[in-house]
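[1] Structure for this input, please:
(one chain, ligands or ions: 1)
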Amino acid sequence: MGTSSIPAQFTEAELKLLQVLVYQECGMHFDERRTHFLQDRLQRRLKECHLDSFYSYYRLLISKEGKDELAKLLENLTVNETSFFRNKAQLDLFHKHILDDLIRRKQAQRDYSLRVWSAGCSTGQEPYTLAMLIADSLAYYYLRNPQSAAVPSPKPLVPPPWKVEIIASDISYSVLRTAQEGTYSETQMASVDYSYRLRYFDKTGERYAIKKALKEIVHFDFHNLKTEYLPQRNDVIFCRNVMMYFDEAEQKRLLKKFARCLNLQGYLFVGHAESLLALTDKFTMVHRNSGTAYQKVEVSG
Ligand SMILES: C[S@@+](CC[C@H](N)C(=O)[O-])C[C@H]1O[C@@H](n2cnc3c(N)ncnc32)[C@H](O)[C@@H]1O
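    Here you go, the predicted structure:
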């Protein structure tokens, strides 16, 4: 079928059908302010599929054979903006206070595992930033406590007996592929200072590649936050600039899931334009020098 007759505009009823489907599939909510974006992406997908009517495309989306196309549509509707060291005040809170608290608490319990989940990790800058901060924190901790376990030579990135696992997930396979590759342009590196570049990156041609040892502690995986099957037993969850695309009902559902996915006294970070106020009673706010996080308060569930 030709593509020249793709409708320039879709009707309100057609867009509504699509909005409901997208909401059911991934929780993303498209209000009037984002209708234009939805129209544009829909036209692109019809063109790509060589279809010229909304209903033939919609039938494809809800069919068994249309699973891949549905995934592609969702991928096209996501906003993937991200950067290294995004929101410095928040990361300072994580690095200087929360990691310190976690490392001390865990060591007192002889539990040497740290598990952090970057939910909605986009092209990987967030989980790799967290990996750099955690590696630095553990190295510094051992420098200040030389009596702790003997460190082999050459020094591993994560000093034994610690085990660090960063789960990084997204709903878009294409951003996950980029993240897994872990190479970044000079522009993308703008917020990475030289001491981090020297320690955690190799220069390959025009690009910067994440060093193998750092890559090894980050595990990328597909997870749709709309589903119940999500990574459990996390000490910290970062879900920044994701919830803002969900409506209030979906945000509340997600916060309940996050509370279940966190260990006792675990921490949750959301984007600076997002707030948990009035959405949940399962977290209490932690605030330092304009950096904000939330700590799980309840005993179970
Ligand atoms: C704006 S980016 C945020 C990236 C990073 N967290 C940051 O703050 O820099 C939002 C990411 O959330 C992902 N996302 C949106 N809806 C999702 C869902 N239902 N499940 C998992 N990831 C989702 C998008 O694919 C996108 O990569």
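[2] who does residue 168 bridge with?
    residue 118, residue 220 (DSSP bridges).
[3] same question, residue 201
    Bridge pairing for residue 201 - DSSP bridges - gives residue 210.
[4] That one contacts residue 210, correct?
    Yes. Counting by CB atoms under 8 Å, residue 210 is a contact partner of residue 201 at 6.3 Å. Where C-beta positions appear, they are placed from N, C-alpha and C, glycine not excepted.
[5] since we're on whichever residue of the stretch 101-250 of the chain sits closest to the ligand, how many residues are nearby?
    Proximity of the stretch 101-250 of the chain to the ligand (CB to the nearest ligand atom) peaks at residue 120, 3.0 Å away. Neighbour count for residue 120, taken as other CB atoms under 10 Å: 24.
[6] which one is it nearest to, not counting chain neighbours?
    residue 242 (3.5 Å; CB to CB, 6 or more residues apart in numbering).
[7] That neighbour against residue 118, yeah?
    No. When contacts are counted by CB under 8 Å, residue 242 is not listed as touching residue 118 (10.1 Å).
[8] Between the two, which has more neighbouring residues?
    Remark: of residue 242 and residue 118, residue 118 carries more neighbours, 28 against 24, as counted by other CB under 10 Å.
[9] Report the contact partners of that one.
    Residues in contact with residue 118 (CB atoms under 8 Å, 6 or more residues apart in numbering) are 126, 127, 130, 166, 167, 168, 169, 238, 239.
[10] among those residues, which are within reach of the ligand?
    Applying CB under 6 Å from any ligand atom to these, one finds that residue 126 fall near the ligand.
[11] For residue 49, state which of the contacts of residue 118 is nearest.
    residue 169 (27.2 Å; CB to CB).
[12] that older thread, list the backbone torsions phi and psi for the residue nearest to residue 120.
    phi -120, psi -50 (degrees, to the nearest 10).
[13] could you list every residue that touches it?
    Applying CB under 8 Å, 6+ apart, the residues near residue 242 are 119, 120, 225, 271.
[14] With pLDDT, secondary structure and distance to residue 140 added, can I get these in TSV?
    As requested, the contacts of residue 242 are exported to TSV (pLDDT from 0 to 100; DSSP: H, G, I helix; E, B strand; the rest coil; distance: CB to CB, whole Å):
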residue	pLDDT	secondary structure	distance to residue 140
119	98	strand	27
120	98	coil	29
225	98	coil	33
271	96	coil	27
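[15] Tally up the residues packed near the nearest residue to residue 211 once chain neighbours are set aside, please.
    Nearest non-adjacent residue to residue 211, counting by CB to CB, 6+ apart: residue 200, 5.5 Å away. Residue 200: 22 surrounding residues under other CB under 10 Å.
[16] show me what contacts residue 200?
    Residue 200 neighbours (CB under 8 Å, 6+ apart): 128, 132, 135, 210, 211, 214.
[17] Quick one: low-confidence residue ranges for the stretch 101-250 of the chain.
    Low-confidence segments of the stretch 101-250 of the chain (pLDDT under 70): 147-151.
[18] got the residue ranges for the strands in it?
    With DSSP state E, counting those that start in this stretch as the definition, the stretch 101-250 of the chain shows strands at residue ranges 113-119, 163-170, 183-184, 201-204, 207-210, 218-222, 234-239.
[19] possible to save the ones you listed as CSV with distance to residue 48?
    Shown next, in CSV, are the strands of the stretch 101-250 of the chain (distance: least, CB to CB, whole Å):
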stretch, distance to residue 48
strand 113-119, 28
strand 163-170, 21
strand 183-184, 27
strand 201-204, 32
strand 207-210, 28
strand 218-222, 21
strand 234-239, 30
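[20] Can you get me a residue count around the closest residue in space to residue 103 that isn't next to it in sequence?
    Nearest residue to residue 103, sequence neighbours excluded (CB to CB, 6+ apart): residue 141, at 5.5 Å. If you count neighbours by other CB under 10 Å, residue 141 ends up with 17.
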